[in-house]
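# Using only what follows, build the 3D model:
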Amino acid sequence: MNLSAIIVTMVASVIIPAITALLTKATASVGVKQAVTGLLSAVSGLLAVSTQLDGTAVISKPAVVLALGTFLSTQAAYWGLWKPHEVNAKVAPGVGLG
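Residues are numbered from 1 along each chain as shown. As a prediction, the model looks like this:
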């Protein structure tokens with residue numbers, strides 16, 4: 001099955017803030033949370049490119065563009081959806097990095 005890279009990016013953008021909340025403490029600095037989010041976005045960009053059947057190289061311009069798009073979409077999802085509901089404080093406030 002060939003998944004669209006855009007669909008993979010959009011799904012990952014909504015899920016990555018929750019994964020970041022699981023991996024970092026609620027009291028972790030913004031820098032730690034942004035670094036984890038950036039790393040997860042880069043992985044998502046690589047995975048989105050790998051879902052394509054056209055033989056696109058994993059480390060390529062489309063991978064970088066998708067990773068950047070994922071990071072920006074993740075920030076929008078975090079500030080618009082996850083932050084108002086304080087997901088980090090409810091999921092695992094004392095567990096993880098930071």
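
# For Val64, give me its contacts.
Counting by Cβ atoms under 8 Å, 6 or more residues apart in numbering, Val64 touches Gly45. In this view, the C-beta of every residue, glycine as well, is placed from N, C-alpha and C.

# Am I right that it is in a helix?
Yes. Looking at Val64 with DSSP: H, G, I helix; E, B strand; the rest coil, it is inside a helix.

# Can you give me the neighbour number for the closest residue in space to Val65 that isn't next to it in sequence?
Using Cβ to Cβ, 6 or more residues apart in numbering and skipping residues adjacent in sequence, the residue nearest Val65 is Gly45, 7.7 Å away. When neighbours are counted by other Cβ atoms under 10 Å, Gly45 registers 27.

# so who does Gly45 touch?
9, 63-70.

# List the buried residues for stretch 65-83?
Neighbour-count burial for stretch 65-83, counted by 16 or more other Cβ atoms under 10 Å, picks out 66-67, 69-71, 73-75, 77-78, 82.

# Closest to Leu39 out of the contacts of Gly45?
For those, the minimum distance to Leu39 (Cβ to Cβ) is 9.9 Å, reached by Ala67.

# is it true that that closest one touches Leu46?
Yes. The pair Ala67 / Leu46 is scored as a contact, 7.2 Å apart, by Cβ atoms under 8 Å.

# For this protein, which helix or strand comes out least confident on mean pLDDT?
helix 87-91 (a mean of 69; mean pLDDT, DSSP states H and E).
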